[in-house]
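In: Just a sequence and a predicted model for now, questions to come.
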Amino acid sequence: MPYFSYQAQDSNGNIHKGVIEALSISEAVKKLRENQLFPIKIKQTGKHQIKKVPEESVIAFCRDLSELLRAGLPMDRCLALLGQQETNPAFKQIINGIFREVQQGANLSDAIEKHKDTLGPLVHHMIKAGEASGALEAILEQVSLYLERKRQFKQNLVSASIYPVLLLTMSLFSMIILLVYVIPRFAKIFEDLHQEVPAVTNILLKLGISVEKYGWIVPILLAALFLIGKNLKKHPSWKKQLDLMITRVPIASKLILYTDLSRFFMTLGTMIKAGVPLLKAISLGFNVISNSIILENLKPLYDQVKMGKSMSSFFSSGSSFPTRISTMIRLAEEKGELGKTLSELGEYFEKETEKILQRLITLLEPAIIISTGLIIGTMVLTMFSAIMGISDVRF
């Protein structure tokens, strides 16, 4: 079905922009009018542009909606208040669209379904389960806690890598300054004294000249490699090869495995506790797996559960997964606490991921300091030994 970009005006005179799915322009106009919007401009667009909404806005929306519903406010009033206080223009437009549909009698889950590309399928299915169980306020709170935990986990990964990257950048910058600025001026002293530049210093001098002349090519090559790699990752065959390479690197493979298992089990646990059926939770859980090799190993889980087998039997037979998983899930199945245990497994693998990352950074920091220190130290010692040799100059 084609998409149409539009600019429309509501009854209060406010201008709205967005994309709507329809069979024709006339149907798009009809849909806009049903939402009390009067089109100003409308044209067919090549494909649906997914609006970028900050994760913090989605978390705040779920948390605030839960609190307002607990306070006894009707759904349409809650959405109207949230739309008024939202500062992000794209998300404000989405909330206002959801508000108009709810005001016309639609369920919250049906209104949100149209925006699940932006909000994510997890939010839609959790809200649908909350409406069916009559515990929407509690479910919305669970969603906000889950999204906040996921966001915090990503922030911890980024924060942990800042110092080593900064350290490596400053070390490389120091070496470039020595090669491009210090050593050439140092070599000029030998030239003025008509003395031959020492061999090692001469090598560094030529390296510095090369960096000065052709160094600009390096960032271009790195940017090109990054863009090529990013495009290749979109092709399943190339992505699979890259993921396979990662799984063969000892520390990286464990880090990727634990990160994906943490996301997978947290998603499963949150959804099962919300009342989402197990098979639906598993299929949605596959969406958070980043590594295609791990995803391939997990895919048979859906078919086994569909055939009536237990989750624990799948993980006990899969040698690529830690044995802790099958043990904990088997105990959970016996006690009837599957959702709680899956969330605990997610938390366990999250902590293990942070431990591995911390150990890696603990080893990486001294490795960077020692290696760059040796390189810079060698440069300085080379210059110092050359200075000592100046005393042998004959006048």
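Out: Received the coordinates, thanks.

In: contacts and neighbour counts: CA atoms only from here.
Out: Fine.

In: Any stretches of the protein with poor pLDDT?
Out: 1-2, 21, 35, 46-51, 133, 190-198, 232-234, 318-319, 386-395 (pLDDT under 70).

In: Can you pull up the most central residue in it?
Out: residue 154 (6.7 Å; C-alpha atoms, centre = their mean).

In: For it, which residues are in contact?
Out: Applying C-alpha atoms under 8 Å, 6 or more residues apart in numbering to residue 154 gives no contacts.

In: Over to residue 235?
Out: Applying C-alpha under 8 Å, 6+ apart to residue 235 gives no contacts.

In: Which strands and helices lie in contact with the helix or strand hosting residue 296?
Out: Assigned by DSSP states H and E, residue 296 belongs to helix 292-298. Helices and strands touching helix 292-298, by 3 or more C-alpha pairs under 8 Å, 6 or more residues apart in numbering; DSSP states H and E, are helix 236-247.

In: which helices and strands sit right next to the helix it packs on?
Out: helix 250-273, helix 292-298.

In: got the buried residues for the first one?
Out: Across helix 250-273, burial judged by 16 or more other C-alpha atoms under 10 Å covers 252-273.

In: What of stretch 161-175?
Out: Result for stretch 161-175 [16+ other C-alpha under 10 Å]: buried residues 164, 171, 175.

In: Output the longest helix belonging to the protein.
Out: As assigned by DSSP state H, the longest helix anywhere in the chain is helix 338-389.

In: by contact count, what packs against it?
Out: If you count contacts as 3+ C-alpha pairs under 8 Å, 6+ apart, helix 338-389 packs onto helix 136-177, helix 199-214, helix 250-273, helix 323-335.

In: List the buried residues for the helix or strand following the first one?
Out: Moving toward the C-terminus from helix 136-177, the first helix or strand encountered (DSSP H and E) is helix 183-192. Using 16+ other C-alpha under 10 Å as the burial criterion, the residues of helix 183-192 that qualify are 183-184, 186-187, 190.

In: just checking, what packs against helix 183-192?
Out: Using 3+ C-alpha pairs under 8 Å, 6+ apart, helix 183-192 sits against helix 199-214.

In: tilt between the helix it packs on and helix 338-389?
Out: Angle between the axes of helix 199-214 and helix 338-389 is 120 degrees (criterion: axes from the mean of the first three to the mean of the last three C-alpha atoms, to 10 degrees).

In: which strands and helices sit next to helix 199-214?
Out: Using 3+ C-alpha pairs under 8 Å, 6+ apart, helix 199-214 is in contact with helix 183-192, helix 338-389.

In: Residue 54 is nearest to which of the ones you listed?
Out: helix 338-389 (22.6 Å; C-alpha to C-alpha).

In: I'd like the distance from that closest one to the chain centre, please.
Out: 22 Å (C-alpha atoms, centre = their mean, to the nearest Å).

In: before we move on, what about stretch 63-83?
Out: For stretch 63-83, the distance to the chain centre is 29 Å (C-alpha atoms, centre = their mean).

In: What are the buried residues along that stretch?
Out: Result for stretch 63-83 [16+ other C-alpha under 10 Å]: buried residues 63-69, 75-76, 78-83.

In: Tell me which other helices or strands the host helix or strand of residue 43 touches.
Out: For residue 43, the element it lies in under DSSP H and E is strand 38-45. Counting contacts by 3+ C-alpha pairs under 8 Å, 6+ apart, strand 38-45 packs against strand 3-9, helix 25-34.

In: can you list the residues that contact stretch 260-278?
Out: Around stretch 260-278, the neighbours that count as contacts under C-alpha under 8 Å, 6+ apart are 122, 125-126, 129-130, 133, 139, 142-143, 146, 150, 281-282, 285-286, 288-291, 294, 338-350.
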